[in-house]
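J.: build me a structure from this.
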Amino acid sequence: MLRVAIIDDEIWVCRLIQKLVDWESLGLEISFVENDGVSGLERIIDERPDIVITDIRMPDMDGMQMIEEMRKKKILSKIIIMSGYPDFNYAKRVLKSGASEYLLKPVEKKRLEEVLLRLIQEINTEKKIEADLYRHQKNSGRIHEMLEKLFIENLVTQKPIEEKILEVGIKNIFNNPDNKWFRVLLVKGVLDGTENDKVLKFISEYDRISSNDHVIFFTFFYYNYRVFIVSFPDEFEEKIPELFINEYLKITSEKGIDLVYSYSFKTDYINEISSCLTTSFKGALNYFSCEDPDKMLFSNEQVISEERGIIPRELSKMLLLNVEALSVENSLSIISQMYDVLEKKAEEKPYIIFIKSIKICDYVLGSLKSGFEDDIGAELKYEKEFFRRLSECNGIECFREVALRFFGELIEEFYKLKRNKSRNLIEKAKNYIQLNYDKKLSLNDIAEQLYLNPKYFSNIFKKETGIGYAEYLNTIRLDVSKTLLKDNVYSIGQVASKVGFSDPKHFSKVFKQKTGVTPNEYRKFHV
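T.: You can find the predicted model right below:
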């Protein structure tokens, strides 16, 4: 069985998580439970659980510090971070630092089970690959295939790869001990609307660059880009651009297809290749926005700089507020104003419009807090889709149109999701009240049944029903009491008890406040 550790400074949260899941049926067992980060880390170091479920904010050590310490010790447990606060910028940092999932409290049973099942599958896959690597190192073809799949998945999701797998993987994929350097190279066809199908087909099938015994690469197709991961020795650093130029000229003359090439900075650390990929994407999109393509055929990290202060702070603040309020019209108006600024700046520095488009996407996704309550991983999905749409732009004039359409659809979708989720939760609450109105039933009791924060539940209940929880509960109780009073079978005290009031006097007081008459007077009128 895989082992799970639970760490949270709130004891009731630990107990809730323990009860929430049938661990044994999933092939899991609770390794230990701790109520502070320091003790939790000590147990993690000693016991090496497969999965760690921990709060993001705890005394003495928070979730980020725990992740950092675990990685320093080369502990690669899957980490699920929980938070009672929808701080999604922090969530993004946590995920990029190596956490597997970010869940908002109160954690829902279905969502936790989905995450656990995914992590179980990941752990089993990694263990199988590692075992196969060490057991069948001579079976290079199969190993190569497995490593490429694993490498691509980690590359595009920006997750670090387990070092043991990397050690063997480098020997199998880049089988040359002299090649210590890596670059990411990109190839993309220029789409002009006339022969787009032909261009895209060529790029998707294109799987080579000029190479020799010293330059080794593997390749995959990603969002209209052909990506090459290239390894090479010191003496070939200056020759990589030359290889690309020769290939560019050959294809342009032989195939009649205009291509864009972009390459990243070099690195000797394979887990840094995600950053190389990002740099190459920026370089390629910068090229599309440039009137003089010969100057931008190759692009590295020196070309791309993070420009600050371009978008006025007032516009950024207004965008955050209006997206959070799910106001489509106002949000798109502000985004359009941002592109007024960006298009002017892009006349000098074309790549600015791409970098800041991604920044706008960060603003929008960071403000859609309620939509990520169930699945913080959805953020990556939307980022990828936005990037895919941007990757089809050949000039700065189409970025505004792509952004307005994408963000309009996104905010509308989140508005519907929020409404549907709130309504579903309130329906569950109403059903529970109908079945349990005769018991002691506090707001905290209902919130716990729904795995919700009591304050959050109180807010959405009032928003959806128009009245507070206590008033709604009393309305249900009084409606039932009226039927019992009409039947004239039970005393006033018995009626009060049967509808959940422990004090008959309090029942009579509430009844008169709502109906204008006492329970006795009501009975006389209707019997």
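J.: quick one: pLDDT of residue 79?
T.: pLDDT, residue 79: 90.
J.: please name the nearest non-neighbouring residue to residue 268.
T.: residue 180 (5.0 Å; C-beta to C-beta, 6 or more residues apart in numbering). C-beta coordinates here come from the backbone N, C-alpha and C atoms, glycine included.
J.: residue ranges for the helices of the stretch 201-350 of the chain, please.
T.: Assigned by DSSP state H, counting those that start in this stretch, the helices in the stretch 201-350 of the chain fall at 239-255, 273-288, 313-324, 328-346.
J.: quick one on the thing from earlier: so what's the residue nearest to residue 268 up against?
T.: 231, 233-234, 268 (C-beta atoms under 8 Å, 6 or more residues apart in numbering).
J.: just the buried members of those residues?
T.: Those of the contacts of residue 180 that meet the buried threshold are residue 231, by 16 or more other C-beta atoms under 10 Å.
J.: all strands for this protein, in order.
T.: Under the criterion DSSP state E, strands of the chain are mapped to 2-7, 28-34, 51-55, 78-83, 101-104, 181-189, 216-222, 225-232, 259-263.
J.: residue 470: which of those is closest?
T.: Proximity to residue 470 (C-beta to C-beta) singles out strand 101-104 among these, at 26.0 Å.
J.: just checking: what are the partner strands of the closest one?
T.: Sheet pairing of strand 101-104 (DSSP bridges) gives strand 78-83 (parallel).
J.: and the partner strand with strand 51-55, angle?
T.: Between strand 78-83 and strand 51-55, the angle formed by their directions is 20 degrees, by axes from the mean of the first three to the mean of the last three C-alpha atoms, to 10 degrees.
J.: how far off centre is strand 78-83?
T.: Offset of strand 78-83 from its chain centre (C-alpha atoms, centre = their mean, to the nearest Å): 12 Å.
J.: what angle do that strand and strand 2-7 make?
T.: 30 degrees.
J.: contacts for strand 78-83?
T.: Contacts for strand 78-83 (C-beta under 8 Å, 6+ apart): 8, 13, 50-57, 63, 66-67, 70, 90-91, 94, 98-105, 107, 112, 115, 119, 122-123.
J.: again, 7 Å this time
T.: 50-57, 63, 67, 94, 98-105, 107, 115, 119, 122-123 (C-beta atoms under 7 Å, 6 or more residues apart in numbering).
J.: could you do stretch 182-202 as well?
T.: Counting by C-beta under 7 Å, 6+ apart, residues outside stretch 182-202 touching it are 203, 206, 209, 224-231, 240, 244, 255, 257-264, 266-267, 270, 273, 276-277, 280-281, 284, 392, 394.
J.: pull out the buried residues from those.
T.: 203, 206, 209, 224-231, 240, 244, 258-264, 266-267, 270, 273, 276-277, 280-281, 284, 394.
J.: ok, residue 410 touching residue 383?
T.: No: assessed by C-beta atoms under 7 Å, residue 410 is found out of contact with residue 383, at 11.0 Å.
J.: check contacts around residue 52.
T.: 5, 7, 44, 77, 79.
J.: could you dump the contacts of residue 180 to CSV with pLDDT and distance to residue 196?
T.: Listed next are the contacts of residue 180 as CSV, based on pLDDT from 0 to 100; distance: C-beta to C-beta, whole Å:
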residue, pLDDT, distance to residue 196
231, 82, 33
233, 82, 38
234, 78, 40
268, 77, 38
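J.: tabulate the contacts of residue 180 (TSV), appending distance to residue 345.
T.: Shown next, in TSV, are the contacts of residue 180 (distance: C-beta to C-beta, whole Å):
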residue	distance to residue 345
231	37
233	40
234	38
268	35
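J.: closest to residue 314 out of the contacts of residue 180?
T.: residue 268 (43.9 Å).
J.: isn't the closest one right up against residue 181?
T.: Yes: taking contacts as C-beta under 7 Å, residue 268 lies within contact range of residue 181: 5.7 Å.
J.: returning to what we had before: in the contacts of residue 52, which residue is surrounded by the most others?
T.: In terms of neighbours by other C-beta atoms under 10 Å, these top out with residue 7 at 28 neighbours.
J.: quick one: it and residue 30 touch, right?
T.: No: using C-beta under 7 Å as the test, residue 7 is too far from residue 30 to be in contact (11.6 Å).
J.: and the gap between residue 316 and residue 424?
T.: For residue 316, the distance to residue 424 equals 33 Å [C-beta to C-beta, to the nearest Å].
J.: which one of the two is surrounded by more residues?
T.: residue 316 (15 against 10).
J.: any idea how far residue 333 is from the more buried one?
T.: For residue 316, the distance to residue 333 equals 14 Å [C-beta to C-beta].
J.: just to revisit the earlier point, quick one: closest of the strands of the chain to residue 428.
T.: strand 101-104 (17.9 Å).
J.: so for the closest one, mean pLDDT?
T.: Per-residue scores along strand 101-104 average to 82.
J.: again, but for stretch 48-58
T.: Across stretch 48-58, pLDDT averages out at 88.
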